[in-house]
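Participant: Structure of the sequence below:
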Amino acid sequence: MKKLFVLFTAAAIVCGANQAAFAQADAGLIAKFVDTAKSAKDGQLGVIASELTGKMQSLGASLGANDAIKAKLDTTLKSLTGGKDSAALESAFDLVKAAKLTPDQLGLAKQVGNLASAYVVQKNFATLEGAQGDVGTIVSSLRAGKLTACISPLKNVAANTHMTDGQKQLIGTVADKYAPGWRTAKGAVDAIKKLPGF
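Facilitator: A predicted model of the protein is given here:
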């Protein structure tokens with residue numbers, strides 16, 4: 001009887017380990033991403049990367065066997081590691097669209113999106129001329145899940161005239177997610193400025 005119990009326990013552990021490995025983002029991708037982030041000149045990137053991968057692992061563990069979510073997590077990591085930040089955000093934002101997420105899982109999926117956004121903003125805008133304060137507020141707000149606090153700073157960064165075209169597109173993606181309608185408001189302000197006397 002004791003041998004039978006040990007056999008069942010071992011089988012349960014193996015099955016459980018396989019399920020956990022099946023659901024998690026690829027460990028090699030996680031390690032590569034975190035190593036890349038920690039080797040960057042900006043020390044904040046390593047910290048945010050660790051927070052992000054921790055939430056990814058929590059989400060994966062809570063889902064069990066879910067190929068669709070695992071693929072999105074892996075795609076997000078590959079894109080972030082490869083410098084394809086827009087693609088990474090798209091994949092991270094799509095996590096919340098997965099069917100049949102529990103409220104806790106949905107919360108984790110949103111946190112993954114927020115932390116991916118914080119990472120991308122820190123990486124691409126921390127040294128943007130005239131935007132350091134706004135960037136700091138955006139990053140800290142996203143990391144804390146205080147999304148309304150990042151709306152005004154996002155609009156400020158989006159209006160910064162020192163950005164490259166790539167940065168404009170990237171901040172537009174983030175602003176569209178957290179400050180929907182900002183383009184319409186910006187367009188109205190720009191139209192007013194073109195009127196005589198303004």
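Participant: Summarise which helices and strands the host helix or strand of residue 70 is packed against.
Facilitator: Applying DSSP states H and E as the criterion places residue 70 in helix 67-81. Packing partners of helix 67-81 (3 or more C-beta pairs under 8 Å, 6 or more residues apart in numbering; DSSP states H and E): helix 2-23, helix 27-38, helix 43-63, helix 85-94, helix 103-125. The way it works is simple: take the backbone N, C-alpha and C, and place the C-beta from them, glycine included.
Participant: Now these in JSON lines, please, with extra columns for distance to residue 75, mean pLDDT and mean neighbour count.
Facilitator: Shown next, in JSON lines, are the helices and strands packed on helix 67-81 (distance: least, C-beta to C-beta, whole Å; pLDDT from 0 to 100; neighbours: other C-beta atoms under 10 Å):
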{"stretch": "helix 2-23", "distance to residue 75": "15", "mean pLDDT": "42", "mean neighbour count": "11"}
{"stretch": "helix 27-38", "distance to residue 75": "10", "mean pLDDT": "91", "mean neighbour count": "17"}
{"stretch": "helix 43-63", "distance to residue 75": "12", "mean pLDDT": "93", "mean neighbour count": "20"}
{"stretch": "helix 85-94", "distance to residue 75": "4", "mean pLDDT": "94", "mean neighbour count": "21"}
{"stretch": "helix 103-125", "distance to residue 75": "11", "mean pLDDT": "95", "mean neighbour count": "22"}
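Participant: how about JSON lines for these, with distance to residue 153 added?
Facilitator: Shown next, in JSON lines, are the helices and strands packed on helix 67-81 (distance: least, C-beta to C-beta, whole Å):
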{"stretch": "helix 2-23", "distance to residue 153": "35"}
{"stretch": "helix 27-38", "distance to residue 153": "22"}
{"stretch": "helix 43-63", "distance to residue 153": "16"}
{"stretch": "helix 85-94", "distance to residue 153": "17"}
{"stretch": "helix 103-125", "distance to residue 153": "10"}
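Participant: Look up how far residue 117 lies from residue 86.
Facilitator: Per C-beta to C-beta, to the nearest Å, residue 86 is found 11 Å from residue 117.
Participant: And residue 92, by the same measure?
Facilitator: 8 Å.
Participant: and the helix holding residue 70 with helix 43-63, angle?
Facilitator: 170 degrees (axes from the mean of the first three to the mean of the last three C-alpha atoms, to 10 degrees).
Participant: Pull the residues that contact helix 67-81.
Facilitator: 22-26, 29-30, 32-33, 36, 53, 56, 59-60, 63, 84-85, 87-88, 91-92, 94-95, 98, 112, 116, 119-120 (C-beta atoms under 8 Å, 6 or more residues apart in numbering).
Participant: and if we set it to 7 Å?
Facilitator: 23, 25-26, 29-30, 32-33, 36, 56, 59-60, 63, 87-88, 91-92, 94-95, 98, 116, 119 (C-beta atoms under 7 Å, 6 or more residues apart in numbering).
Participant: distance between it and the chain's centre?
Facilitator: 11 Å (C-alpha atoms, centre = their mean, to the nearest Å).
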